[in-house]
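Student: Quick one: sequence and predicted model below, then my questions.
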Amino acid sequence: MTNTECYGLLDGPGADTYRPPKRNGMANREGGDVGFGDTDWFTHDRFGMFIHWGLYALPARHEWVKNRERITDDDYQKYFDHFEPDLYDPASWARDAKAAGMKYAVITSKHHEGFCLWDSQLTDYKATNTPIGRDLLREWVEAFRSEGLKVGFYHSVIDWHHDQFPVDRVHPRRDDEVYREATRERDVAKYAEYLHGQTRELLTNYGKIDIMWFDFSYDEKGRDAWRSEELVKLVRELQPEIIINDRLDYPESADFVTPEQYQPRETPTRNGQKVVWEACQTLNGSWGYDRDNLDWKSPELLVKLLIDSVSKDGNVLLNVGPTGRGEFDPRARETLARIGEWTRVNGRSIYGAGPSEFTAPVDCRFTQRRDRLYLHVFSWPMVHIHLEGLAGRIDYAQFLHDASEVRCSESDPHVQPQNTTLPGAEGTVLLQLPIQKPDVLVPVIELFLK
Ligand code: GLC
């Protein structure tokens, strides 16, 4: 077989300054001048940590426990009275996030249960009034910032504790006719005042906030209930550089979209145009700490989710649900550490990288950063990978994790298959791999393009 060797090292690109092509968050922003944040850093950084932490860490059976079990405020009170995360050390959370390769983090300032992690002046239902007696959010923001991570707040627009939040079909008391009747006069406009007031607090008292992640709208409550237009205006006034997600039922205002617990088949579009996106994923199907849940995703699956997202120009926000003592579950820490082993040596294919114009072979994903093409091998093949359309384009190939050469040659289409002779195909490059899969979760081959 006559194969032409295609070696020759290129000068390394000034890779770190590369940004994927800029794109507005939501395409086709009709409906007024809503402004939008700068997603450049976001599409560069690719990987963030989501943190769901609240009173639901105590029952430890999913953050929707109040809803699922239709728990009354009185019965839920025991979690407030016993909330004392004495081992809380946000600096260690931040170190874990950073070591996993995460570049930003988003924490629940308040989830649907209504409990506030910060010292809000607008409610008594807050961490400072529990046995722990501290503003946990302030400590968190400081710790994550000092590790160099960008910070964001997940803020629930739904509130199952507020006395003006109308009982609807997703409220914990939905089936209690007497309660529904007794609360019929609730005024969502008054609740909206509270929502806006708390948003003002969060975006005024904690320095620069990079992401506002509101959650969520549904058939019974949306932009009218939350007064979304005004809310977005307020957010952008207080934090002009902030980026906002897409769950306020006000799509024109969103900087990015948020597929939840599924992996998009291709780059998501709105009005026919590709948009900035971030998939949010759990470690085990629950966002809050869920003690008896054993449905843990493997580190390999999670790394593949990250790669697949970047190959489709997306981010991953991977969630951890800390315990009622204030720690990450050991199973979560182990998974984060394994992911970190991978990102530490393979991060070049993730940060500042995006999709490629080339089509990846079966069971592989391409990402690209300028003149470096990254081939992620999801399923280890028998010796050869054929790269179609890359003949004449590759200067050098190596494994990313250890910089060991991967032999690479161009196929000769005129060669006939015979015994051990591999048939060639027009325009195709052949990579020659070892029989043994390298000991990394997902091997990456770095291809230096001409
Ligand atoms: C959903 C759930 C919620 C979780 C969130 C994360 O909207 O209500 O529990 O916080 O998604 O994306």
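Tutor: Okay, I see it. Note that the structure is predicted; figures quoted are calculated from it, not measured. Numbering: from 1, shown residues only.
Student: Helix, strand or coil: sort out the closest residue to Phe47 other than its chain neighbours for me.
Tutor: Nearest in space to Phe47, with sequence neighbours left out and distances taken as Cβ to Cβ, 6 or more residues apart in numbering, is Met102 at 5.1 Å. Quick note: C-beta positions are derived from backbone N, CA and C, even for glycine. Here Met102 takes the coil state, with states given by DSSP: H, G, I helix; E, B strand; the rest coil.
Student: Where does pLDDT dip in the chain?
Tutor: When residues are selected by pLDDT under 70, those of the chain lie in 1-35.
Student: Just list whatever residues bridge to the most centrally placed residue in it.
Tutor: Geometric centre of the chain, nearest residue: Leu317, 1.3 Å, by Cα atoms, centre = their mean. When bridges are assigned using DSSP bridges, the partners listed for Leu317 are Gly48, Cys280.
Student: My understanding was that it contacts His52; is that so?
Tutor: No. Applying Cβ atoms under 8 Å as the test, Leu317 and His52 come out as separate, 11.2 Å apart.
Student: What residue spans form the domains of the chain?
Tutor: Structural domains of the chain, as assigned by automatic domain parsing, span the residue ranges 37-349, 364-449.
Student: So Ile71 versus Glu113, what's the distance?
Tutor: Ile71 sits 9 Å away from Glu113 when distances are taken as Cβ to Cβ, to the nearest Å.
Student: Same check on Asp124?
Tutor: Distance of Asp124 to Glu113, given as Cβ to Cβ: 15 Å.
Student: Pick out whichever of those two has more residues nearby.
Tutor: Neighbours around Asp124 and Glu113, counted as other Cβ atoms under 10 Å, are more numerous at Glu113. The numbers are 27 against 9.
Student: Give me the secondary structure label for that one.
Tutor: coil.
Student: what sits against it?
Tutor: Contacts for Glu113 were tallied using Cβ atoms under 8 Å, 6 or more residues apart in numbering; they are Gly54, Leu55, Tyr56, Glu63, Lys66, Tyr76, Trp160, His161.
Student: Next: Pro423.
Tutor: Remark: with contacts taken as Cβ under 8 Å, 6+ apart, Pro423 is in contact with Ser411, Val415, Gln416, Pro417.
Student: Whatever residue of the stretch 301-450 of the chain ends up closest to the ligand: neighbour count?
Tutor: Of the stretch 301-450 of the chain, the residue with the smallest distance to the ligand, taken as Cβ to the nearest ligand atom, is Asn319 at 7.3 Å. Applying the criterion other Cβ under 10 Å, we find 22 residues in the vicinity of Asn319.
Student: Tell me if it really is in a strand.
Tutor: Yes. Counting by three-state DSSP, Asn319 is part of a strand.
Student: give the contact list for it.
Tutor: With contacts defined as Cβ under 8 Å, 6+ apart, Asn319 is in contact with Met49, Phe50, Ile51, His52, Cys280, Gln281, Thr282, Leu283, Trp287.
Student: From His52, how far off is the nearest residue to the third one once chain neighbours are set aside?
Tutor: By the measure of Cβ to Cβ, 6+ apart, the closest residue to Ile51 outside its immediate chain neighbours is Ile107, 4.3 Å from it. As defined by Cβ to Cβ, Ile107 lies at a distance of 8 Å from His52.
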